[in-house]
Structures are given as structure tokens and as C-alpha cells.
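Visitor: Would you be able to build a 3D model of this:
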Amino acid sequence: MSERTAELASVPAAADRDRPDGSEDLAQVDVATEGARIAAAVGRVVQGKPDVVRLALAVLLAEGHLLIEDVPGVGKTTLAKALARSIDGSVRRIQFTPDLLPSDVTGVAVYDQESRAFEFKPGAVFANMVVADEINRASPKTQSALLECMEERQVTVDGVTYELARPFMVLATQNPLEMEGTYPLPEAQRDRFTARVSMGYPDRDAELAMLDERATTDPLTGLTPVADAAMVRALVAAVARLHVAEPLRRYVVSLVEATRHSPDLRLGASPRAGLQLLRAARAAAALAGRDHVLPDDVQAMAGPVLAHRLLLSPEAALARRDAHRVVADVLTAVPVPRGR
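Guide: Numbering: from 1, shown residues only. This next block holds a predicted model:
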């Protein structure tokens, strides 16, 4: 048994934390039940957006990172902060601005006069949940400071590598590129985000409720954690054990390959995209209470996972095509595996 597995097996499950005998352990955690508890807590703050909350939770359980993109004022930062606060782990927020430096994100080695040695001062990424607010308002140099930590869960400063805590998730918000003062995210940065979600405007009832409830209080202040870091690690491990049949793995590869041959794209999906699509599909299946992945899970996650990685051809851009439409066409063109 690995060291990590032994650690998970030694901590009582959330439903049994009060049991003196600890008869159940986190290895037997019910992903659907625990996921519903987290989603309900976030849903009390982000009202009228159950699909968005569920997608954010699926990205968390896929051990990925989430990019939340939309116009100002629709609740991007609220979603990120609500998900972060629902987990009893360390949370840090970084307000990305044009003068933010890479060392503000990763940390810096400072010379200590007393010890006459350099001492490492950790940056804001040393947390379980990192809220990167308005990430595309920082310079490309500062944005690139997140590349190593998002992919490898580590930070290297002055030749020394520091491991990050698990779980580790970056919840980044950004405004559309046509907004003033924004910089486009580099392709390598976008590819490290497991999924991108657009908040959209709330429906009329949700907006009316918001006017009533937030007149005097902020619902974030009353949000209490419903899970801890050990529970999230257990959920992630449980999701990773979900069965994926060989035809379904081939289906994921076929979808990714189809984007590389699409005449509407000049850059298709990377192998990393296929890996993260399968992880996200596993998380969606687990949240639905199943122990195996269906083609429906892959199709449901294909748009959020693939679209933000694709670059349209000039002709497709002139024709006002968008990446989500291209992904929908790919899903239509690639045969779906059938059961026996």
C-alpha cells in the first residue's frame, strides 16, 4: 500500500467522523453523497446555476483547474470563493493586476541578516485552493508563473523545488478579451485548465432572490465547510478508480484526434486534453452515482474541457464560428461506442 493510500485509509469518512470506533474509512467514501453536500453548500451562494456548480465540482474531483470566464458582475469570483470556502482547507486569493510579479505568485528567497542565509518565503500558490481573480489582467510573464504549479503541483525557485499541498486547485476568473486592460492567456496556460465555464446571467427568479437576500448580508460569510482536505483527497482517489471500458477510451482518443483534423481549426486538442477529458468524465459519472463511465459522461464534458484549448482557423473566425460549435460537430461526426 502506498504512503498516500495509507494516509487516506487512516482518516474517518465525513459521515462517520463522530463515530468513536471509526468503523468506516475514507476509502469507502460515497462520491455522489459527499459531492451533493458540497454542491448544495455552494448552491446556497451561487443561486440558479446548478449545472455550473456541478461542473466546478467535477473539475475539483478530477484534480484539475477551472477557468471561469464571463462579463463583470455575474458571479465569477463568488463561485470561486464559495467552492473554496466549502472545503476546510487553506485558501489564498491572488488579485491579478498589471504590476503583479511572478515572485508574488510563487514565492521568493529572501536574505536573512541574522542567519546569513537565504530563506524561502512561500507565495500565494501554497494553498489547497487558489483563487486567481481576473487572471488575464496580469502580464504574460506573471501568468506563466502558474505553469509549473498547475501541471506538476510544485514550484521551483532559485533551483530548489517545493511540493504543493494536495488537493491543489486553481480557480481562475477572467473577463472577455474585448474588455479593456486584458491580456490573452497563452495557449500553454489555457491547456492547463481542465475546463472553462461561462456563468451567464441568472434567471429572473434567482436575480429577484439575490436582491432580497443580499440587501443586508453576504451569503459567503455564512458559508461553513462541509468537507476537508482529507475528504477531497479520498473523493479524488475514488473517482480515479472508476472503470472505463476500452471502447470508451478509444472514443476519447477519436474525439481528440478529430479536432486535429477539423478544417475549422488551426490547433486541435493536445494529448493532455484527452487525459483531462477522461478524468472529468470519471468525475461526472461518480457524481451521478455510477461506478463506470458512459459515453454520455464524455459528451457532457467535451465542450467545457476541449473548447478553450482550440484555435479557430482564419476562415472559421471570419464565418463567426466558435469553438463550442466545432466541438459539437466533432461529437456528431465521431461514432459513439455501443454496448453489446
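
Visitor: going forward, measure contacts between C-alpha atoms and count neighbours the same way
Guide: Noted.

Visitor: Tell me where the model's unsure across this protein.
Guide: The model of the chain has pLDDT under 70 over residues 1-27, 177-181, 215, 339-340.

Visitor: chain center to the longest helix belonging to the chain: distance?
Guide: Secondary structure assigned by DSSP state H gives helix 271-287 as the longest helix of the chain. Chain-centre distance of helix 271-287: 12 Å, with Cα atoms, centre = their mean, to the nearest Å.

Visitor: distance between the helix or strand following it and the chain's centre?
Guide: Of the helices and strands lying after helix 271-287 in sequence (DSSP states H and E), the nearest is helix 295-306. For helix 295-306, the separation from the chain centroid amounts to 15 Å (computed by Cα atoms, centre = their mean).

Visitor: which of the residues in helix 295-306 are buried?
Guide: P295, D297, V298, Q299, M301, A302, G303, P304, V305, L306 (16 or more other Cα atoms under 10 Å).

Visitor: a markdown table for these, including distance to L147?
Guide: Converted to a markdown table, the buried residues of helix 295-306 look like this (distance: Cα to Cα, whole Å):
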| residue | distance to L147 |
| --- | --- |
| P295 | 31 |
| D297 | 28 |
| V298 | 26 |
| Q299 | 27 |
| M301 | 23 |
| A302 | 23 |
| G303 | 23 |
| P304 | 20 |
| V305 | 18 |
| L306 | 18 |
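
Visitor: Tell me where the stretch 101-250 of the chain has strands.
Guide: In chain order, the stretch 101-250 of the chain shows strands spanning 107-112, 117-122, 129-133, 154-157, 160-163, 169-174, 195-197, 227-228, with DSSP state E, counting those that start in this stretch as the criterion.

Visitor: Name the residues that touch the fifth one?
Guide: So the one you mean is strand 160-163. For strand 160-163, contacts defined as Cα atoms under 8 Å, 6 or more residues apart in numbering pick out R153, Q154, V155, T156.

Visitor: ok, of those, which come out buried?
Guide: R153, Q154, V155.

Visitor: quick check, nearest of those residues to H65?
Guide: Taking Cα to Cα as the measure, H65 sits nearest to R153 out of those, at 11.4 Å.

Visitor: Contact partners for the closest one?
Guide: Applying Cα under 8 Å, 6+ apart, the residues near R153 are E163, L164, A165, F168.

Visitor: One more pass at 6 Å, please.
Guide: L164 (Cα atoms under 6 Å, 6 or more residues apart in numbering).

Visitor: List phi and psi for it.
Guide: phi 50, psi 40 (degrees, to the nearest 10).

Visitor: quick one: it from A273, how far?
Guide: 18 Å (Cα to Cα, to the nearest Å).

Visitor: do D205 as well
Guide: Relative to A273, and taking Cα to Cα, D205 is found at 37 Å.

Visitor: now do V256
Guide: Taking Cα to Cα, one finds V256 at 7 Å from A273.

Visitor: Could you tell me how many residues sit around E152?
Guide: Using other Cα atoms under 10 Å, E152 is surrounded by 10 other residues.

Visitor: Tell me, how many residues neighbour S144?
Guide: 16.

Visitor: do the same with the one 5 residues further on
Guide: A count of neighbours around C149, defined by other Cα under 10 Å, yields 22.

Visitor: same deal with G268?
Guide: There are 21 residues near G268, going by other Cα under 10 Å.

Visitor: With adjacent residues omitted, what lies nearest to it?
Guide: R260 (4.2 Å; Cα to Cα, 6 or more residues apart in numbering).

Visitor: Kindly report the same for R272.
Guide: Nearest to R272 is D191, by Cα to Cα, 6+ apart, at 7.6 Å.

Visitor: again, but for A273
Guide: L306 (6.6 Å).

Visitor: And for L235?
Guide: In space, L235 is closest to V31, 5.9 Å off (Cα to Cα, 6+ apart).

Visitor: cool, and V236?
Guide: L61 (4.9 Å).

Visitor: Please report how far that neighbour lies from P50.
Guide: Counting by Cα to Cα, the gap from L61 to P50 is 16 Å.

Visitor: can you pull the buried residues of stretch 78-95?
Guide: Quick answer for stretch 78-95 (16+ other Cα under 10 Å): 78-94.

Visitor: In strands only, show me these.
Guide: I87, D88, V91, R92, R93, I94 (DSSP state E).

Visitor: N136: which of those is nearest?
Guide: The closest of those, once distances to N136 are taken by Cα to Cα, is I94, at 12.1 Å.

Visitor: From F120, how far out is the closest one?
Guide: 19 Å.
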